[in-house]
Each structure stands twice: as structure tokens, then as C-alpha cells.
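[1] Need a 3D model of the sequence below.
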Amino acid sequence: MNHSEAENHMLSVPALDIYYGGGHRDGNAAQAAMAATERRLYALPIIRERIEDNREELTELENCGVEALRRHSASLVRLIRPGMRLTPEEVHSAQMAELRARLAADEREVRKMQHALRSIGEDPYYLTIELKYFDNVKDADAALRLRCDPATVRRNRRRLVRRLALRLYGVECI
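    Okay, here's the model as predicted:
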């Protein structure tokens, strides 16, 4: 399976259910897409932080060369297997390649989520998404801030998550 086939496979609702550990094995694709979308929303701030950490580490590896291996020895365990004989330069190169791949995947996820979020950005209840998933604000507090009922907050947030799921996963989640 090539990269684009794997990418498309991961975007199918049954695949996302398995990939994100949905637990919606009853075949309810819309429910699985909603749950996966919520997990992606909760993860977004953490992934943004991880990108910054990985960029910092990559800069250090690029600037310090092989000397940086001493400071990042814990991550070498993932790269070196028993019986492998690699030069420090090969280990350094492998470590940088792995870090670049992780960084690219995380940046791609953030771009996809930002693009999806822009599609609902003009909605009057968009703030319910930010408050819930990015700021961990309870519905009652969000309702006070938006001057509405907590049920209105929940209903409109669910509507927006449904729109995001459709944007991210397509018609399979209808």
C-alpha cells in the first residue's frame, strides 16, 4: 500500500474507528466519526505543544550534530536494536529522520484540523468548541459566557462537531 492509499485508508470511517480506538463496532459510522473528531479536538492543543518541542529538538540535533546524541540518548532506544552496529553519524541521521517524520505527521494533523475549524469559524457558537476542547471549560461556565442555557451550548457544540466530522471524514459519517 503506497502513502496516498494508506492516507485514504486511514480516512475511511471503519479505519478511523480502529485507528482511534472508537469502540463503535456496531457499525454506526456517524457516531464513530463524531467520537474520533472529539478525540482529535482534545488532542489538538497537545499536538501543537509537541510540534514546538520536536522543532526545538530537531534544531538542537541539526546544530550540535553527533554531540547532541548524548543529550537525547533515551530516544536512541527506539532506533537501535540488539545486534545493530551503526556509526554515531548513522544513528544521528536516523534520529533526525524519525523526528522529521513525526513532525511532518503532527503538522499535517494541525493543518487539517485548522482547515476544518475555519469552516465553522463564523458560526455564532464556534466559541463552544474552543471552550470545551481547548480551554476545558464546563458547559455551565460556557453558557454563562455565551448568555444562554447549558443545553443550548451542548446542542450547538454537537452540531458543530457533526459538521467537523463531515468535513474530516466525508459522507461516510452521515
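[2] what sits against residue 145?
    Contacts for residue 145 were tallied using CB atoms under 8 Å, 6 or more residues apart in numbering; they are 127, 131, 137. C-beta: built from backbone N, CA, C; applies to glycine.
[3] And the second one, how far from residue 150?
    Distance from residue 131 to residue 150, counting by CB to CB, to the nearest Å: 12 Å.
[4] Can you check which residues contact both of those two?
    The overlap between the contact sets of residue 131 and residue 150 (CB under 8 Å, 6+ apart) consists of residue 142.
[5] who's more crowded, those two?
    Residue environment comparison for residue 131 versus residue 150 gives the larger neighbour count to residue 131, 20 against 15, counting by other CB atoms under 10 Å.
[6] and the nearest residue to that one once chain neighbours are set aside, which of the three is it?
    Leaving aside its sequence neighbours, residue 131 sits nearest to residue 137 (CB to CB, 6 or more residues apart in numbering; 4.0 Å). Using DSSP: H, G, I helix; E, B strand; the rest coil as the criterion, the local structure at residue 137 reads coil.
[7] burial of residue 137, as a residue count?
    Neighbours of residue 137 (other CB under 10 Å): 18.
[8] repeat for residue 139
    Residues near residue 139, counting by other CB under 10 Å: 17.
[9] Now do the helices in this structure.
    Using DSSP state H, the helices of the chain run over 3-11, 13-19, 29-64, 73-79, 88-118, 126-129, 139-146, 150-169.
[10] So which bits of the longest one are buried?
    Of the residues in helix 29-64, those scored as buried under the neighbour-count criterion (16 or more other CB atoms under 10 Å) are 29-38, 40-41, 43-44, 48, 51, 54, 57-58, 61.
[11] Next: the last one.
    Applying a neighbour-count criterion of 16+ other CB under 10 Å, one finds 152-153, 156-157, 160-162, 164-169 buried in helix 150-169.
[12] circling back to that earlier point, put together CSV for the helices of the chain, with mean pLDDT on each row.
    CSV is the format used below for these (pLDDT from 0 to 100):
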stretch, mean pLDDT
helix 3-11, 46
helix 13-19, 57
helix 29-64, 93
helix 73-79, 51
helix 88-118, 92
helix 126-129, 98
helix 139-146, 97
helix 150-169, 96
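[13] quick one: which of the buried residues of helix 150-169 is nearest residue 96?
    Within those, proximity to residue 96 (CB to CB) peaks at residue 168, which comes in at 30.6 Å.
[14] Look up how far residue 128 lies from the closest residue to that closest one other than its chain neighbours.
    Take residue 168 and drop its neighbours on the chain: the residue closest to it by CB to CB, 6+ apart is residue 116, 5.5 Å away. For residue 116, the distance to residue 128 equals 15 Å [CB to CB].
[15] ok, now residue 99?
    Distance from residue 99 to residue 128, counting by CB to CB: 36 Å.
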